[in-house]
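Enquirer: no sequence for this one, just the structure:
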């Protein structure tokens, strides 16, 4: 038995079975190694994803709350005379009532008064002004307002400023910390949800800056993008998939679309800048132009998705309809297209989600301007979510770091929502033929 | 005001539809046999109105602005525009426009007020003219369409002809886009090469895009040699590919052959998340986390790392490309026919040997195509490098140093004011042209490999 199975040249005392077993062991070990490397590679990717998300959440969550101080402001008629509205010393009035809440503060000393006023955000006086302008009867009375504190104190309250840092290296000095603690002891400090992040437009002051302008700008740009790319993309896809004769021109269009899908996005920005703004004279920074550029970028995605969806509809449907006497267009528009619609919508939403996160073309057409009001039409100047992130990421103020992360979380939230809708549509309406 | 023509258009389209359909029904109800369904008669009228009138309105809106500008500037008093450059003339036009909106800075001359009034009057006239023309055109078309309604009229063929035309137009838009890209880039690039010799751009080794503010300013001549810029691009691309290719390929191999089906259906979508994260988020991540981490690690082992090192930008770009490469490789491996797998396993190969010795070589062309597409993406990637890479072009291949890329230079040259008459802004278009050409060549090559390889197994 052993003699016959012994392989030629095998060392004496070792059977072929042993040899095979040894080599099998080696070969299986190799397989285990390969699997381990694969798992390792995937874990690297996931670790990176985890670090990415965690770093955004850990810096960004603080921006979803905002430190406010509750003040009883005596609207002094001497500082705010009714005939000078909407002008008046609102900052002084608010500062004075804040000073009255603090122990041992000499508000007649100008430097002290200024640093007390600096506890309040610059927006506090405008909030007060709006209240008084809306109801001039408040002059001479005491109003209770809840206003944001300025960024350094917001950071202090959130524990982002280390109290152990020596006084001269700290942005908030010892006496200011004492004031803030006094306010906190009186229960005047609160930290509610930061609605201003969604209801305010951009601002130079981190505690006032919000995303409203960016959200509105992104909405207009995406709307324009959808209105242009969706019909054009579907039309092109239907033609290429169902009607186009197989010839050189159709081939050219097809190669062209595939290449267009891989052109760097910044090139579309150059196109928009040179053609839409330079030659056609459309306004800079307008979501309309941004939407046009995004539409040209999104169109190949929609075309490719639509063609795949049309291809998935079985030929039997077409043949049955043709057999009953429908024309070729009736077949497509009344039978094939409705069946392909879920797939088309899924592809469109994914294309729009890409467009929402696209930054470079919008930067080139100037949608990174500093604009403090939301656009009321697609032709007004505006920013978009990703360009707003870019602006904030470049801002030197400490408070903008967490704002940037928060804005990114908002953007990612929108993307997750859009992709969720796409997945839902796919699972709900997808049919196996 | 601009909404009125569109409302008119919608009304005319609806009106045309119902008028023609009713007319067709009347004919049918009197006992005639119609060639087409009544709704096709309606559709014919609607499309006959919609297509020409919409085209007319859009063309009008596009060309009205420049035409009005020219009329206003042509009507200015003699002599005020003498000896002024294009920039100054643009400024005057902008001032006239802002005066016409009631936004007045300083004390403009009287002729500017007159021009502003003229501007407003012209715009108003243009608005009314548009409404009148669009209305008249709609009515004429509606009348024409109504006159075509007869029992024998082949309305369906008419509608289908128009729709075919529209669909062909949609398909050609893609070609127009490419033509637009090539035309705009080449035009601005041509103007750039009129100011800067092409040999200096292609072979120059120093990139300092600045223009002298004064005539006699020293050391602000500006240099436009793109070599250091493209070298920096390649350094960052190289770093990204070195990270992304092994990780992407190994995960594809595991997912394709070894992962249990359930695990695969969880991991694949999760990997897609990495691909769906906007690049600006990666850019911020690179600045916030990766660059400081690399720098402090470098310092701890005694290396001098620049704050915006190419490693950070390239590494983060590599993370972005992992899912891209992995899904391409996964597709390529799945496209290998089952018979090859079965044959290898039947001969006694382990699954690892089958993967490494049979599947992988068979899928290699597809994988190479995917990697090439990833390279082209890395070259064209903008936001990560704008945020995390440097601004100064250096002839270096040291990834610890700070380098700049083509896309960074395009964005920084064009952010802010852009007048298209100096080499600084035009240089951005020249760079864009080179970027377009380089990525286009890689893409065509890669797509051809992928396509050819797919055909071989189909």
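Expert: Nice, I can see it. Predicted, not measured: the structure shown is a model, and the values here were computed from it. Numbers count the residues shown, from 1 in each chain, chains lettered A, B, ... in the order given.
Enquirer: got a list of what the residue of the stretch 51-200 of chain B found nearest chain A touches?
Expert: Scanning the stretch 51-200 of chain B for the residue nearest chain A gives residue B:170, at 3.2 Å (criterion: CB to the nearest CB). In this view, the C-beta of every residue, glycine as well, is placed from N, C-alpha and C. Taking CB atoms under 8 Å, 6 or more residues apart in numbering or on different chains, we find residue B:170 in contact with A:231-236, A:239.
Enquirer: one more time with 6 Å
Expert: Going by CB atoms under 6 Å, 6 or more residues apart in numbering or on different chains, residue B:170 touches A:232, A:235-236.
Enquirer: Show me those residues that map onto helices.
Expert: Within the contacts of residue B:170, residues falling in helices by DSSP state H are A:232, A:235-236.
Enquirer: got the buried residues for the helix or strand of chain B with the lowest mean pLDDT?
Expert: Within chain B, no helix or strand scores below helix B:86-100, which has a mean of 77 by mean pLDDT, DSSP states H and E. Neighbour counts using 16 or more other CB atoms under 10 Å in any protein chain shown place B:92-93, B:95-97, B:99-100 of helix B:86-100 among the buried residues.
Enquirer: Does anything pack onto that helix? Which helices or strands?
Expert: For helix B:86-100, the contact count by 3 or more CB pairs under 6 Å, 6 or more residues apart in numbering or on different chains; DSSP states H and E identifies helix B:110-147 as packing neighbours.
Enquirer: what packs against the helix it packs on?
Expert: Partner elements for helix B:110-147 (3+ CB pairs under 6 Å, 6+ apart): helix B:3-29, helix B:38-74, helix B:86-100.
Enquirer: now those helices as CSV including distance to residue A:178?
Expert: Formatted as CSV, the helices and strands packed on helix B:110-147 follow (distance: least, CB to CB, whole Å):
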stretch, distance to residue A:178
helix B:3-29, 60
helix B:38-74, 61
helix B:86-100, 50
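Enquirer: pLDDT score assigned to the closest residue to chain B within the stretch 1-150 of chain A?
Expert: Distance from chain B to each residue of the stretch 1-150 of chain A (CB to the nearest CB) is smallest for residue A:38, at 2.4 Å. Looking at residue A:38, its pLDDT reads 93.
Enquirer: That one looks like it's in a helix, true?
Expert: Yes. Residue A:38 forms part of a helix when assessed by DSSP: H, G, I helix; E, B strand; the rest coil.
Enquirer: Spatially nearest residue to it (excluding sequence neighbours)?
Expert: residue B:254 (2.4 Å; CB to CB, 6 or more residues apart in numbering or on different chains).
Enquirer: try residue A:290
Expert: residue A:221 (4.3 Å).
Enquirer: now do residue B:435
Expert: Per CB to CB, 6+ apart, closest to residue B:435 is residue B:406, 5.0 Å.
Enquirer: Next, count neighbours for the one you found.
Expert: The tally of other residues near residue B:406 (other CB atoms under 10 Å in any protein chain shown) stands at 25.
Enquirer: Can you give me the distance of it to residue A:129?
Expert: Distance of residue B:406 to residue A:129, computed by CB to CB, to the nearest Å: 49 Å.
Enquirer: next one: residue A:399
Expert: From residue A:399 over to residue A:129 the distance is 23 Å, taken as CB to CB.
Enquirer: and those two? which has more neighbours close in?
Expert: Under the neighbour definition other CB under 10 Å, residue A:399 and residue A:129 were set side by side, and residue A:399 has more, 24 against 19.
Enquirer: contacting residues around the residue nearest to that one when sequence neighbours are not counted?
Expert: Distances taken as CB to CB, 6+ apart put residue A:206 closest to residue A:399, at 2.9 Å, once the chain neighbours are dropped. By CB under 6 Å, 6+ apart, the contact list for residue A:206 reads A:151, A:397, A:399-400, A:403.
Enquirer: at 10 Å what do you get?
Expert: Taking CB atoms under 10 Å, 6 or more residues apart in numbering or on different chains, we find residue A:206 in contact with A:63, A:66, A:121, A:148, A:150-152, A:154-155, A:392, A:395, A:397-404.
Enquirer: Just want the phi and psi numbers for it.
Expert: phi -60, psi -40 (degrees, to the nearest 10).
Enquirer: What of residue A:147?
Expert: Dihedral pair for residue A:147: phi -130, psi 160, per degrees, to the nearest 10.
Enquirer: Please report how far residue A:197 lies from residue A:175.
Expert: From residue A:197 over to residue A:175 (counting by CB to CB), the distance is 31 Å.
Enquirer: try residue B:12
Expert: Distance from residue B:12 to residue A:175, counting by CB to CB: 73 Å.
Enquirer: who has more neighbours, the two?
Expert: residue B:12 (22 against 14).
Enquirer: The residue nearest to residue A:38 reaches residue A:41, doesn't it?
Expert: Yes. The criterion here is CB atoms under 10 Å, and residue B:254 meets it with residue A:41 at 7.0 Å.
Enquirer: More neighbours: these two, which one.
Expert: residue B:254 (25 against 22).
Enquirer: for that one, what are its contacts?
Expert: A:34-42, B:263-264, B:267, B:326, B:330, B:355.
Enquirer: Could you list the domains of the chain?
Expert: Answering for chain A, as no chain was given. A:2-6+A:14-62, A:66-192, A:212-429 (automatic domain parsing).
Enquirer: Wait, chain B was what I had in mind.
Expert: In terms of domains, chain B is parsed into B:3-164, B:223-457 (source: automatic domain parsing).
Enquirer: Please work out which of those is packed deepest.
Expert: When the domains of chain B are scored by mean count of other CB atoms under 10 Å in any protein chain shown, the highest mean neighbour count falls to domain B:223-457 (a mean of 20).
Enquirer: Residue of the stretch 201-350 of chain A closest to chain B, please.
Expert: Counting by CB to the nearest CB, the stretch 201-350 of chain A gets nearest chain B through residue A:264, at 2.5 Å.
Enquirer: can you give me the helices in the stretch 101-250 of chain B?
Expert: Here the stretch 101-250 of chain B has its helices, by DSSP state H, counting those that start in this stretch, at B:110-147, B:155-195, B:198-203, B:227-253.
Enquirer: The shortest one close to chain A?
Expert: No. Using CB under 10 Å from any CB of the partner chain, helix B:198-203 never reaches chain A; the gap is at least 16.6 Å.
Enquirer: which residues of the stretch 51-200 of chain A fall in strands?
Expert: Using DSSP state E, counting those that start in this stretch, the strands of the stretch 51-200 of chain A run over A:68-74, A:142-148, A:189-190.
Enquirer: Name the stretch among those strands that sits most buried.
Expert: Of those, the one with the most neighbours on average (mean count of other CB under 10 Å) is strand A:68-74, at a mean of 20.
Enquirer: what pairs with that one, and is each one parallel or antiparallel?
Expert: Note on strand A:68-74: by DSSP bridges, its sheet partners are strand A:142-148 (antiparallel), strand A:189-190 (antiparallel).
Enquirer: ok, and for the host helix or strand of residue A:292, which residues are buried?
Expert: Here residue A:292 sits within helix A:287-312, counting by DSSP states H and E. For helix A:287-312, burial by neighbour count (16+ other CB under 10 Å) applies to A:287-310.
Enquirer: doesn't residue A:412 make contact with residue B:278?
Expert: Yes. Contact criterion CB under 10 Å: residue B:278 and residue A:412 qualify, at 8.1 Å.
Enquirer: Give me the common contacts of those two.
Expert: Joint contacts of residue B:278 and residue A:412 (CB under 10 Å, 6+ apart) are residue A:357.
Enquirer: quick one, phi psi at the residue of the stretch 201-350 of chain A closest to chain B?
Expert: Phi and psi for residue A:264, reported as degrees, to the nearest 10, are phi -60, psi 140.
Enquirer: Fine, thanks again, bye for now.
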